[in-house]
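Novice: Need a 3D model of the sequence below.
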Amino acid sequence: MNLQLSQDKTIDLKVLIFDQSNIVCDGGSQIEGFGTKRSDYDLYLIFDADQREANGIPDTTFDYHMPVGEIDGRTVDIELMSKQYLSNLADTINQLEGKPNNKIVNIKLERLNTYYRMCIARALYNGGDFAPIQAKFDKERFRGLFALWCELHTARTKREGRAQLDAGEDEAAFETYRDCYQFATDSHLAKHGEAFTSRKYRFSKLARRFGRDSEVFQRCWGLKSLGNRSIADYVREVETLCDDFGLKADVAAEERVQMARARKAFTPFRVGQQHYLVENRTHMVPVPADAVALWPELDGKADLDQLTASFAKREKIGADAAGQRVRAALEALEKVGACARSYAPRHS
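Specialist: Numbers count the residues shown, from 1 in each chain. So this is what the prediction gives:
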């Protein structure tokens with residue numbers, strides 16, 4: 001089966017289009033208006049879940065991707081999803097109230113991305129079957145929801161960043177405030193007509209909406225990195241940006257706890273009294289003994305309080321001293337990329 005992608009080029013997708021009832025759509029940068037001569041083709045194959053096994057379609061989740069070829073040097077990627085998944089996704093998001101609540105905060109970005117792609121997608125095959133599916137996806141309503149989602153995450157990251165500053169974790173606070181500014185920028189863009197923004201096209205959309213010489217573009221561009229500022233100055237600039245954008249929506253914060261997860265690519269190793277982590281058996285970095293002592297517990301399930309309590313019991317020291325050593329160990333591991341920290345709701 002040949003799928004027409006341009007006036008003079010086709011690609012054979014018979015390996016993937018197992019049945020003539022399947023729908024194929026394009027929902028990538030070409031439709032967004034930012035495509036170049038080197039941009040990938042981002043295709044979506046939509047199938048009936050009841051026919052998946054009979055048609056030989058891999059048993060996948062909605063975010064399954066695979067490259068299937070090239071056209072004039074452009075990669076053609078395909079993403080598989082079922083009609084049932086899309087219907088459920090549309091129902092879930094369409095039922096959300098357009099006011100601050102934790103249900104909106106907890107929606108995964110990947111699901112918002114898929115919803116938006118279905119709003120803008122162009123059917124390349126079986127367009128008649130795609131029309132009733134696409135009719136469930138409301139781009140304008142989604143634009144307001146995405147603006148609110150970003151605004152609520154602006155507030156969340158601001159809270160987390162302040163907590164990190166209070167704990168003396170300045171480097172972590174900088175990373176969190178950089179996320180905060182990105183959420184703020186995306187919310188501002190959505191409120192001014194750009195229904196969804198990815199990191200890849202954030203500044204393209206800022207330029208399209210406000211112009212590259214605009215104050216908004218220049219301020220957002222300047223916050224991409226720390227530059228020559230102090231972290232305190234960076235934080236102040238981000239908070240001023242949020243205020244100037246009028247981002248005030250928030251929800252009662254769920255109590256959240258700090259988690260840490262070790263990266264599987266690293267393995268502890270010791271030479272004499274010096275401890276190391278070996279990355280992918282090729283790269284060795286020195287780390288403190290406390291970091292290696294914590295390593296077995298960094299499974300992403302224990303929060304900072306639990307790690308501290310366990311460390312204090314093992315080392316037979318007080319909670320305050322243990323907390324300082326645990327935080328120092330985590331910072332050392334983060335510095336070499338061996339672990340990542342996150343925040344999760346506290347479960348009673």
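Novice: quick one: buried residues of stretch 103-111?
Specialist: Going by neighbour count (16 or more other Cβ atoms under 10 Å), the buried part of stretch 103-111 is Ile104, Val105, Ile107. Any C-beta I mention is one placed from the backbone N, CA and C, and that applies to glycine too.
Novice: and of the residues you listed, the nearest to Gly227?
Specialist: Top of the list for closeness to Gly227, among those and by Cβ to Cβ, is Val105 at 30.4 Å.
Novice: just the helices in the stretch 151-300 of the chain please.
Specialist: With DSSP state H, counting those that start in this stretch as the criterion, the stretch 151-300 of the chain has helices at 170-191, 202-210, 215-222, 231-244, 289-294.
Novice: hmm, back to that, quick one: which of the buried residues of stretch 103-111 is nearest to Thr157?
Specialist: Val105 (11.2 Å).
Novice: Please name the nearest non-neighbouring residue to that closest one.
Specialist: Once flanking residues are discounted, Val105 sits nearest to Leu152: 4.9 Å by Cβ to Cβ, 6 or more residues apart in numbering.
Novice: separation between the one you found and Ala302?
Specialist: 27 Å (Cβ to Cβ, to the nearest Å).
Novice: mind listing the helices for the stretch 1-150 of the chain?
Specialist: 29-32, 83-94, 102-105, 109-120, 127-134, 139-166.
Novice: okay if I get these as TSV plus mean pLDDT and distance to Val235?
Specialist: Output for these, formatted as TSV (pLDDT from 0 to 100; distance: least, Cβ to Cβ, whole Å):
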stretch	mean pLDDT	distance to Val235
helix 29-32	76	32
helix 83-94	93	33
helix 102-105	87	22
helix 109-120	92	24
helix 127-134	92	42
helix 139-166	94	7
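Novice: Turn the ones you listed into a markdown table, including distance to Ala173.
Specialist: Rendered in a markdown table, the data for the helices of the stretch 1-150 of the chain read as follows (distance: least, Cβ to Cβ, whole Å):
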| stretch | distance to Ala173 |
| --- | --- |
| helix 29-32 | 33 |
| helix 83-94 | 32 |
| helix 102-105 | 20 |
| helix 109-120 | 22 |
| helix 127-134 | 42 |
| helix 139-166 | 4 |
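Novice: among the ones you listed, which is nearest Lys205?
Specialist: Closest of the helices of the stretch 1-150 of the chain to Lys205 is helix 29-32, at 8.6 Å (criterion: Cβ to Cβ).
Novice: So for Leu152 and Ala302, which residue has more residues nearby?
Specialist: Neighbours were counted for Leu152 and for Ala302 using other Cβ atoms under 10 Å; Leu152 has more, 22 against 18.
Novice: tell me the pLDDT at Ala195?
Specialist: pLDDT for Ala195: 88.
Novice: wait, I meant Arg270
Specialist: Reported pLDDT for Arg270: 88.
Novice: Wait, it touches Tyr276, no?
Specialist: Yes - applying Cβ atoms under 8 Å, one finds Arg270 in contact with Tyr276, separated by 6.9 Å.
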